[in-house]
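Asker: make a model of this:
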Amino acid sequence: MTAAAAEAGGTRRRFIAPPRAAVDAACFAQPLFAGYAAFNDLLVAPAWLDVDALDARLALPGRRLVRQEAALLADGLHYEQRIAQGRIATRAANWHDLFNALVWARHPAIKQALNARQCRHIARNGVHVRDRAQAALTQFDETGVIVRVCDPALLEAWDRHDWAALFVAGAGAWREGGIAVAAVIGHALMEQALLPGRLLVGKCVVVCADEDARAVAQVVRMIESGHVLNDPLDLRPLPLAGIPGWHRRQDAAFYRQADYFRPLREGREYPALQNA
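Answerer: Numbers count the residues shown, from 1 in each chain. Okay, the predicted model is just below:
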């Protein structure tokens, strides 16, 4: 399911990624993948690494990738509980799980904070009950983006879904770093980006910061403390193709697509901006 469908409360549809041989390597030049350039060889290679080789390559701190198979799943544990024990269940030859592993390698502190919060809720609710905080944590894990912003006017435009003000009038701020994507966390976003024409929506945690690393570190602290991701409505939707330079066509007609650049729903409010 796209993040746009989630925001609209649409029916969940399972996304089926194309096979590796059908993926055009040019898709990995999209800005969405910019933070993962160090792993580009794993993305463009003609063949998959097996799970053990991928684990050896990534050498995750305090975690290891383990093959997801019947014997592993028979232990009765929740997926997140295994991670807390150091084991990340990983399907072989699977784009979704490869991207998940890459996020663990690139932003381990974010992933550890998400896992710790999930496990606290599982301990309280059991493995078969999910509360709204767990839904928010999962949504950020799957489709999350960290955005840093310095100009309150841009955030105000975003919060009222004034996409022309945010992306067109605000284009200079995007190009000069006054507002920027500090990190792409959502591995499902990356999987969906394998289809280059797909219009994606990130679910964002936003902080006031002038550097990407400071923004990410602040979000780690916010997740750990429980100051964010207590409800899916904490997340701001961002039509990623609207960011200047993130889509080949960004003319006036493009920004008028109301099914993608959605108007603000009545009564919808967003949390206050956090300082890094």
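Asker: how about residue 220, nearest residue that isn't a chain neighbour?
Answerer: Leaving aside its sequence neighbours, residue 220 sits nearest to residue 109 (Cβ to Cβ, 6 or more residues apart in numbering; 4.6 Å). C-beta: built from backbone N, CA, C; applies to glycine.
Asker: ok, that neighbour - contacts?
Answerer: For residue 109, the contacting residues are 216-217, 220, by Cβ atoms under 8 Å, 6 or more residues apart in numbering.
Asker: for the chain, which segments count as helices?
Answerer: Using DSSP state H, the helices assigned to the chain run over residues 3-8, 40-44, 51-58, 70-73, 79-84, 95-106, 108-125, 132-143, 152-159, 163, 171-176, 187-192, 212-225, 252-255.
Asker: pipe those helices into TSV and attach mean pLDDT and distance to residue 235 per row.
Answerer: Output for the helices of the chain, formatted as TSV (pLDDT from 0 to 100; distance: least, Cβ to Cβ, whole Å):
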stretch	mean pLDDT	distance to residue 235
helix 3-8	34	9
helix 40-44	98	26
helix 51-58	98	27
helix 70-73	93	30
helix 79-84	97	19
helix 95-106	98	17
helix 108-125	96	13
helix 132-143	98	6
helix 152-159	96	12
helix 163	98	17
helix 171-176	97	20
helix 187-192	98	13
helix 212-225	97	12
helix 252-255	96	22
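Asker: right, and the ones you listed - which one's nearest residue 199?
Answerer: The closest of the helices of the chain to residue 199 is helix 3-8. By Cβ to Cβ, the value is 7.3 Å.
Asker: so how many other residues sit close to residue 129?
Answerer: 10 (other Cβ atoms under 10 Å).
Asker: related to what we said a few turns ago, may I ask which of the contacts of residue 109 has the most neighbours?
Answerer: Result: residue 216 is most packed of the contacts of residue 109 (other Cβ under 10 Å), 23 neighbours.
Asker: make sure it is actually in contact with residue 111.
Answerer: No. With contact defined as Cβ atoms under 8 Å, residue 216 does not reach residue 111; the gap is 11.5 Å.
Asker: let's have the contacts of residue 109 in a markdown table, adding distance to residue 142.
Answerer: As requested, those are exported to a markdown table (distance: Cβ to Cβ, whole Å):
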| residue | distance to residue 142 |
| --- | --- |
| 216 | 18 |
| 217 | 22 |
| 220 | 18 |
